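K.L.:
sequence plus the predicted model coming up.
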Protein chains: 2
Amino acid sequence: MIDRERQVLDRIERQRRRPAKVREERVTLSHGSGGKATHTLIEAVFLDAFGNPLLAPLEDAARLRVGDARLALTTDSYVVSPLFFPGGNIGDLAVNGTVNDLAVSGATPLYLTCGFILEEGFPIAELTRIVASMRAAADRAGVAIVTGDTKVVQRGKADGCYVNTAGVGVVEGSGELGMAAVRPGDVVIVSGPIGEHGVTIMLARGELDIEADLSSDTAPLNGLVAELLAACGGVHAMRDATRGGVATILNEMATDAQVSVIVDEDAIPVKAEVRGASELLGIDPLYVACEGRLVAAVAADHADAALTAMRAHPLGAQAAVIGRVEADQPGMVLLNTAFGGTRIVDMLVGDPLPRIC
Amino acid sequence: MIDRERQVLDRIERQRRRPAKVREERVTLSHGSGGKATHTLIEAVFLDAFGNPLLAPLEDAARLRVGDARLALTTDSYVVSPLFFPGGNIGDLAVNGTVNDLAVSGATPLYLTCGFILEEGFPIAELTRIVASMRAAADRAGVAIVTGDTKVVQRGKADGCYVNTAGVGVVEGSGELGMAAVRPGDVVIVSGPIGEHGVTIMLARGELDIEADLSSDTAPLNGLVAELLAACGGVHAMRDATRGGVATILNEMATDAQVSVIVDEDAIPVKAEVRGASELLGIDPLYVACEGRLVAAVAADHADAALTAMRAHPLGAQAAVIGRVEADQPGMVLLNTAFGGTRIVDMLVGDPLPRIC
């Protein structure tokens, strides 16, 4: 790397380390993107107020102790539009999303809550379909929905149906999974092709005048994670790639572990339909949400075992090593492009795909 | 009771025992009232799909086992309008409400999640105030907010800010609290004056052209519950009286325990301002939401101990016995009115006070 490049990288890094401050006076769609604005909001508003040692690691699930039990706890609200799309609906998305946040934190998902915010006039038949999908998704993931809540707001104060799920899991293994455990030398693995959920939602909105044989990748990852952890002792961290896509996770990895992540564009599995639609939308598939894919950092000497275990599971059949972790330039994600160049992959800025989940 | 009265009561009872069926094709505000329509929706749509032994009791919190730990898990979404009102805002309401659902189930609240759904354009300064109130409420209740989520929707797709909280508590006592444990001979105690939260919200909306020195009763009940349970072994069931008010809880008690509940109108503590505003609104304070009051069923020979313990706590200073549980006419709630008559107190029908919490 020549000196000028290094100076630029250093300047960017200094900028990044400044205390977070929300510059806007009002909430924008970008604050819900999962990318840079979301992180700033979380750091400046939520961490500042709620700050406690359990919240601080900002993993997908908090790890807790209750008596002798080690638990994981997580929550997500779902505001996807449209509510129904090829491959799923807001109901199974809400179950799978929370199951996945528990699974990638190394917990076995057990119990879910669900909270509905319904708009006056929402068809009972659609609610019934959503609820049936939640039950089916819970059965598939082996979890039980044990408590819930329903609120109704006037017409024009919601968009049909919003769903919140929270989930409790039990942590049984001894290893401490988390971004802080990622080490230089680790390889980065993605469990399958990226971006299908996000592109499916965009197509379902009719915003692109193309047809593609795509459906959401929404799926529960706890089975895949269990197989992976059983077969491979070298897993250091996992995240499911939702809002902000794989690029955002790689940036979280680089920042939280103070490492750099070098990714090979050619190695990233992307379906041709996803690549084509992304080009039309002017977005990079690296930033497009998945709902059934995980990114893992694995010790290099365990990479083969990890890949073999993942590929043996239907949801990991196309798992691939997409990059590696290095000590140099901590905080940076760099992409070796298909054309032989190298570019910085930043967090998602703005929100090209609002309400994707 | 004369024969004709009994025939009427029997007919009502048969009607009530029919399988729940949602007659409407679309969601109405009544489905969020906490009253009859909400119960029908839960039984017909949610219980039917999610049905499992943990959900079935429909207590305020589900009771779970994880390893050797006995846990309680609950969730509520908050859509109160306005967001800020005398005595609190949506933030402390969301913390106290979930703390209370855990406390009345006999659990010690420990950890909370929070999920925000924000409308594009919502002022960051208001969000910061809400979050600060959540932290203060969590500190007061002795719980930690350990994980969260933020989604943003376009203008016109929400109403500023909706909040979901889920909570985990630990169950340490040996007793099985719950409506099913209520017995004929129990006395019914309310922990303080009713209806202040609901009337405060109505006044804050400017829908009544009156001024009253009222503020929301929103408060964490876990301290009061701990004092009560420590002093009194005869507590059979507790609920916090939120949507649908005390009347709805008494109906749940009568239905779930298959008992009747006889209430003395004169014994119910109601502030003069609440009574006056309720008359202007044409509603009965028994149906108006509280956010810091509980209703308990206590064995008669423990009633004095329970009252003494509650009155020693600031949140229970005006605790009062308001009625008793009988074996006759199971499922019925009857009110001895101030004028010497008796009338049936049904569940809330319709929703005179939408978005009260």
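P.N.:
That came through fine. Numbers count the residues shown, from 1 in each chain, chains lettered A, B, ... in the order given.
K.L.:
bridging residues for the residue of the stretch 51-200 of chain A found nearest chain B?
P.N.:
The minimum distance from the stretch 51-200 of chain A to chain B, using Cβ to the nearest Cβ, falls at residue A:152 (3.0 Å). For glycine as for every other residue, the C-beta is placed from the backbone atoms N, C-alpha and C. Note on residue A:152: beta-bridge partners by DSSP bridges are residue A:118.
K.L.:
could I get the contacting residues of it?
P.N.:
Going by Cβ atoms under 8 Å, 6 or more residues apart in numbering or on different chains, residue A:152 touches A:117, A:118, A:119, A:120, B:27, B:28, B:29, B:30, B:31, B:32, B:351, B:354.
K.L.:
next one: residue A:180
P.N.:
A:57, A:256, A:257.
K.L.:
skip the chain neighbours and tell me the closest residue to the single nearest residue of the stretch 1-150 of chain A relative to chain B.
P.N.:
Nearest to chain B in the stretch 1-150 of chain A, going by Cβ to the nearest Cβ, is residue A:32, at a distance of 2.9 Å. Excluding its sequence neighbours, the residue lying closest to residue A:32 (Cβ to Cβ, 6 or more residues apart in numbering or on different chains) is residue B:152, at 2.9 Å.
K.L.:
tell me the pLDDT at that neighbour?
P.N.:
With respect to pLDDT, residue B:152 has a value of 97.
K.L.:
from residue A:317, how far off is it?
P.N.:
According to Cβ to Cβ, to the nearest Å, residue B:152 and residue A:317 sit 35 Å apart.
K.L.:
same deal with residue A:231?
P.N.:
Taking Cβ to Cβ as the measure, residue A:231 falls 15 Å from residue A:317.
K.L.:
so which of those two has more stuff around it?
P.N.:
Shown here are residue A:231 and residue A:317; by other Cβ atoms under 10 Å in any protein chain shown, residue A:231 has more neighbours (17 against 12).
K.L.:
could I get the contacting residues of that one?
P.N.:
Under the criterion of Cβ under 8 Å, 6+ apart, the neighbours of residue A:231 are A:305, A:306, A:308, A:309.
K.L.:
hmm, try it at 10 Å
P.N.:
A:302, A:305, A:306, A:307, A:308, A:309, A:310, A:312, A:313 (Cβ atoms under 10 Å, 6 or more residues apart in numbering or on different chains).
K.L.:
roughly how far is stretch A:124-144 from the heart of the chain?
P.N.:
Mean C-alpha position of stretch A:124-144 versus that of the full chain (Cα atoms, centre = their mean, to the nearest Å) differs by 21 Å.
K.L.:
would you say residue A:162 is within a helix?
P.N.:
No - applying DSSP: H, G, I helix; E, B strand; the rest coil, one finds residue A:162 to be strand, outside a helix.
K.L.:
now it: closest residue in space, sequence neighbours ignored.
P.N.:
Per Cβ to Cβ, 6+ apart, closest to residue A:162 is residue A:117, 4.3 Å.
K.L.:
pLDDT score for that neighbour?
P.N.:
98.
K.L.:
what's the neighbour count on it?
P.N.:
27.
K.L.:
residues contacting residue A:51?
P.N.:
Applying Cβ under 10 Å, 6+ apart, the residues near residue A:51 are B:135, B:145.
K.L.:
swap that for residue A:267, sorry
P.N.:
A:188, A:190, A:320, A:321, A:322, A:323, A:336.
K.L.:
how about a cut-off of 6 Å?
P.N.:
A:320, A:322 (Cβ atoms under 6 Å, 6 or more residues apart in numbering or on different chains).
K.L.:
just checking, the residue of the stretch 1-150 of chain A closest to chain B touches residue B:151?
P.N.:
Yes - between residue A:32 and residue B:151 there is a contact under Cβ atoms under 6 Å: 4.9 Å.
K.L.:
could I get the phi/psi values of residue A:90?
P.N.:
Note on residue A:90: backbone dihedrals following degrees, to the nearest 10 are phi -60, psi -30.
K.L.:
can you check residue A:239 too?
P.N.:
As for residue A:239, its main-chain torsions (degrees, to the nearest 10) stand at phi -140, psi 150.
K.L.:
how near is it to residue A:248?
P.N.:
9 Å.
K.L.:
and those two? which has more neighbours close in?
P.N.:
Under the neighbour definition other Cβ under 10 Å, residue A:239 and residue A:248 were set side by side, and residue A:248 has more, 28 against 24.
K.L.:
enumerate every residue touching the more buried one.
P.N.:
Residue A:248 neighbours (Cβ under 6 Å, 6+ apart): A:34, A:35, A:347, A:348.
K.L.:
and it, which helix or strand is it part of?
P.N.:
For residue A:248, the host element (DSSP states H and E) is helix A:245-257.
K.L.:
beyond that helix, next helix or strand please.
P.N.:
The first helix or strand that comes after helix A:245-257 along the chain, using DSSP H and E, is strand A:260-264.
K.L.:
emit the ChimeraX select command for whichever of the contacts of residue A:231 are buried.
P.N.:
If you want just the buried ones from the contacts of residue A:231 in ChimeraX, going by 16 or more other Cβ atoms under 10 Å in any protein chain shown, the selection is:
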select /A:302,305,306,307,309,310,313
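K.L.:
reformat the contacts of residue A:231 as JSON lines; add secondary structure, distance to chain B and pLDDT.
P.N.:
Shown next, in JSON lines, are these (DSSP: H, G, I helix; E, B strand; the rest coil; distance: Cβ to the nearest Cβ, whole Å; pLDDT from 0 to 100):
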{"residue": "A:302", "secondary structure": "helix", "distance to chain B": "28", "pLDDT": "97"}
{"residue": "A:305", "secondary structure": "helix", "distance to chain B": "29", "pLDDT": "98"}
{"residue": "A:306", "secondary structure": "helix", "distance to chain B": "27", "pLDDT": "98"}
{"residue": "A:307", "secondary structure": "helix", "distance to chain B": "31", "pLDDT": "98"}
{"residue": "A:308", "secondary structure": "helix", "distance to chain B": "31", "pLDDT": "98"}
{"residue": "A:309", "secondary structure": "helix", "distance to chain B": "26", "pLDDT": "98"}
{"residue": "A:310", "secondary structure": "helix", "distance to chain B": "26", "pLDDT": "98"}
{"residue": "A:312", "secondary structure": "coil", "distance to chain B": "29", "pLDDT": "98"}
{"residue": "A:313", "secondary structure": "coil", "distance to chain B": "26", "pLDDT": "98"}
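K.L.:
quick check: the two most widely separated of the contacts of residue A:231?
P.N.:
Pairwise distances across the contacts of residue A:231 peak at 16.5 Å for A:302 and A:313 (criterion: Cβ to Cβ).
K.L.:
quick check on residue A:107: phi, psi?
P.N.:
The phi/psi pair for residue A:107 (degrees, to the nearest 10) is phi -100, psi 150.
K.L.:
now do the same contact list for it.
P.N.:
Counting by Cβ under 6 Å, 6+ apart, residue A:107 touches A:72, A:169, A:171.
K.L.:
neighbouring contacts of the lengthiest helix in chain A?
P.N.:
Longest helix in chain A, counting residues (DSSP state H): helix A:124-141. Residues outside helix A:124-141 that contact it (Cβ under 6 Å, 6+ apart): A:89-92, A:95-96, A:99, A:145, A:220, A:222, B:22, B:25, B:45, B:49-50.
K.L.:
same thing with stretch A:92-104?
P.N.:
Here stretch A:92-104 has contacts from A:60-61, A:72, A:74, A:76, A:78, A:109, A:112, A:133-134, A:137-138, A:141, A:163, A:165, A:167, A:169, A:218-222, A:225, A:238-240, A:294, using Cβ under 6 Å, 6+ apart.
K.L.:
tell me which of those fall in helices.
P.N.:
By the criterion of DSSP H, membership of the contacts of stretch A:92-104 in helices covers A:133, A:134, A:137, A:138, A:141, A:222, A:225.
K.L.:
for the last one, give its distance to chain B.
P.N.:
What it means is residue A:225. Here residue A:225 is placed at a distance of 18 Å from chain B (Cβ to the nearest Cβ, to the nearest Å).
K.L.:
right, I'll call it a day here.
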